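Q: coords please:
(one chain, ligands or ions: 2)
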Amino acid sequence: MENVIIIGSGPAGHTAAIYTARASLKPLMFEGMMAGGIAPGGQLTTTTEIENFPGFPEGISGPLLMERMREQSLKHGARMATETVLRVDLSRRPFRVVTEAGGEMEARVLIVASGATARRMHIAGEDKFWQRGISACAVCDGALPLFRGKVLVVVGGGDSAIEEACHLSKYAAKVILMHRRDELRASKAMQDRVRANPRIEIMWNTLPVEAYGDKFLAGLRVKDVKTQSSAELACSGLFYAIGHAPNTVFLGGQLDLDDAGYIRTVPGTTQASVAGVFACGDVQDRKYRQAVVAAGSGCMAALDAERFLNDH
Ligand code: FAD
Ligand code: NDP
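A: Residues are numbered from 1 along each chain as shown. Ligands and ions are numbered 1, 2, ... in the order given. As a prediction, the model looks like this:
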């Protein structure tokens, strides 16, 4: 019987682990085994430099930041299992947690910090060229020889799309940022970055509809969403940066979700719709989705969990 089980290992999960461990609750974290296609440590392991996490004036690499958080969790007594949670039973307390490896255990309190996963467009030809020219992580794949010196396309208009385009511009002959509207969603600072980069060209009001090639991606059929006209665009890489879906499948519909699939929590708290279940980080945050916010809500979940255990 565990006091606290934490599901997920991004900034939210690790902050919850540090706080609950320091409160002598001996938390057990399931950090996931490529759950949702993401390594333990979460989304920041797929990026390069983090410049906006307080305490690192020179910036810090995403993977290193997560390694340091993990070290801090362990140092204070949190336990880690590199396993993915397959399902949970929230119908009674203690809650039951079942892992993909077949493990089963019970917990008085659950902290859900399972984050979010990159979305794909599922265009024609996507399965054939997945990892043969199509990817959802420029930072992970951009330096591969098949992309060097080539024309590459990034789809999306948010901060991720710009970050990915800027990263790819270091290797590519040209990067085309393809966006479905005529205005970027990204922050002003990121927009300035893309406009200052001579290797990035923005293609407005356009979407890819089909990928073609022989063994590797050679081009895309693209559609102008205003005129509906289509054209062919020769390119060797297509990178999706169209946002993320919250990782909630293992919850089996037992918690209330909003219309976009994010866990609903009582405003101002991390309390989910079942008493004793707390949600933090991107899995419950459709608005901010920033590492420091995820960490802050992980702290809230830990304090909420501690109070709940004291009261029950
Ligand atoms: P996540 O980081 O999503 O981690 C969740 C973890 O839980 C994952 O490892 C996942 O595999 C695991 N998991 C999922 N399901 C299960 C399960 N069933 N069982 C066990 N484990 C599971 N934010 C910033 O503030 N600054 C930045 O510079 C910045 N750059 C970014 C760059 C990119 C490319 C991306 C994609 C995001 C960036 N963000 C940035 C956003 C930031 O990464 C997220 O806000 C933050 O990581 C969310 O943390 P989290 O703890 O909620 O979850
Ligand atoms: P966002 O949700 O912010 O942006 C997604 C983009 O993809 C939007 O431009 C959207 O278009 C487009 N899009 C969505 N669905 C489709 C589709 N089916 N077809 C074509 N285009 C589509 O996600 P991000 O991943 O960019 O950012 C997530 C969070 O992470 C944000 O809070 C962001 O600030 C943060 N982040 C911060 C960074 C930083 O601070 N350095 C770096 C990276 C991410 P539309 O605009 O029309 O809706």
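Q: going forward, measure contacts between C-alpha atoms and count neighbours the same way
A: Will do.
Q: how much space is there between F95 and D282?
A: 22 Å (C-alpha to C-alpha, to the nearest Å).
Q: A173 now?
A: Distance from A173 to D282, by C-alpha to C-alpha: 34 Å.
Q: which one of these two is surrounded by more residues?
A: The residue with more neighbours, out of A173 and D282, is D282; 31 against 15, by other C-alpha atoms under 10 Å.
Q: tell me where this structure has helices.
A: Listed in chain order, the helices of the chain (DSSP state H) span 11-22, 62-75, 126-129, 138-141, 159-168, 188-195, 291-311.
Q: any idea which of those is most buried?
A: helix 11-22 (a mean of 28; mean count of other C-alpha atoms under 10 Å).
Q: run the chain-centre distance for that helix.
A: 18 Å (C-alpha atoms, centre = their mean, to the nearest Å).
Q: how about that helix, does it get close to ligand 2?
A: No: applying C-alpha under 6 Å from any ligand atom, one finds helix 11-22 out of contact with ligand 2, separated by at least 13.2 Å.
Q: so that helix versus helix 291-311, what angle?
A: Interaxial angle, helix 11-22 versus helix 291-311 (axes from the mean of the first three to the mean of the last three C-alpha atoms, to 10 degrees): 40 degrees.
Q: what helices or strands is helix 11-22 leaning on?
A: Applying 3 or more C-alpha pairs under 8 Å, 6 or more residues apart in numbering; DSSP states H and E, we find helix 11-22 packed against strand 2-7, strand 28-30, helix 62-75, strand 104-112, helix 291-311.
Q: and with 10 Å instead?
A: strand 2-7, strand 28-30, helix 62-75, strand 79-81, strand 104-112, helix 291-311 (3 or more C-alpha pairs under 10 Å, 6 or more residues apart in numbering; DSSP states H and E).
Q: which stretches of this protein have low pLDDT?
A: Along the chain, no part satisfies pLDDT under 70.
Q: just to revisit the earlier point, which of the helices and strands packed on helix 11-22 sits closest to ligand 2?
A: Closest to ligand 2 of the helices and strands packed on helix 11-22 is helix 291-311 (C-alpha to the nearest ligand atom; 8.4 Å).
Q: tell me what that closest one is packed against?
A: strand 2-7, helix 11-22, strand 104-112, strand 277-279.
Q: would you turn the helices of the chain into TSV with distance to L251?
A: Putting the helices of the chain into TSV (distance: least, C-alpha to C-alpha, whole Å) gives the following:
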stretch	distance to L251
helix 11-22	17
helix 62-75	24
helix 126-129	27
helix 138-141	29
helix 159-168	27
helix 188-195	35
helix 291-311	18
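Q: so which of those helices is nearest N52?
A: Closest to N52 of those is helix 291-311 (C-alpha to C-alpha; 8.3 Å).
Q: if we can go back for a sec, okay if I get the helices and strands packed on helix 291-311 as JSON lines plus distance to Y262?
A: Formatted as JSON lines, those follow (distance: least, C-alpha to C-alpha, whole Å):
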{"stretch": "strand 2-7", "distance to Y262": "15"}
{"stretch": "helix 11-22", "distance to Y262": "15"}
{"stretch": "strand 104-112", "distance to Y262": "12"}
{"stretch": "strand 277-279", "distance to Y262": "10"}
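Q: out of those, nearest to ligand 1?
A: The nearest among these, by C-alpha to the nearest ligand atom, is helix 11-22 at 3.7 Å.
Q: hmm, the closest one touching ligand 1?
A: Yes: applying C-alpha under 6 Å from any ligand atom, one finds helix 11-22 touching ligand 1 at 11-13.
Q: touching, R264 and V277? I think so.
A: No: using C-alpha atoms under 10 Å, R264 makes no contact with V277, being 11.2 Å away.
Q: so the two - more neighbours on which side?
A: V277 (24 against 20).
Q: that one - nearest residue in space that isn't next to it in sequence?
A: Using C-alpha to C-alpha, 6 or more residues apart in numbering and skipping the chain neighbours, the partner closest in space to V277 is L110 (4.9 Å).
Q: for E2, see how far away the one you found is.
A: 10 Å.
Q: go on, K226?
A: Distance from K226 to E2, counting by C-alpha to C-alpha: 56 Å.
Q: re the thing from before, joint contacts of R264 and V277?
A: Counting by C-alpha atoms under 10 Å, 6 or more residues apart in numbering, the common neighbours of R264 and V277 are 255, 270-271.
Q: still on that earlier bit, which neighbours do L110 and E2 share?
A: Contacts common to L110 and E2, judged by C-alpha under 10 Å, 6+ apart, are 27-28, 94-95.
Q: before we move on, the earlier item: closest to ligand 2 among the shared contacts of R264 and V277?
A: Out of these, the member with the shortest distance to ligand 2 (by C-alpha to the nearest ligand atom) is T270, at 19.0 Å.
Q: now do the contacts for the closest one.
A: T270 neighbours (C-alpha under 10 Å, 6+ apart): 111-112, 263-264, 277-281, 284, 297-305.
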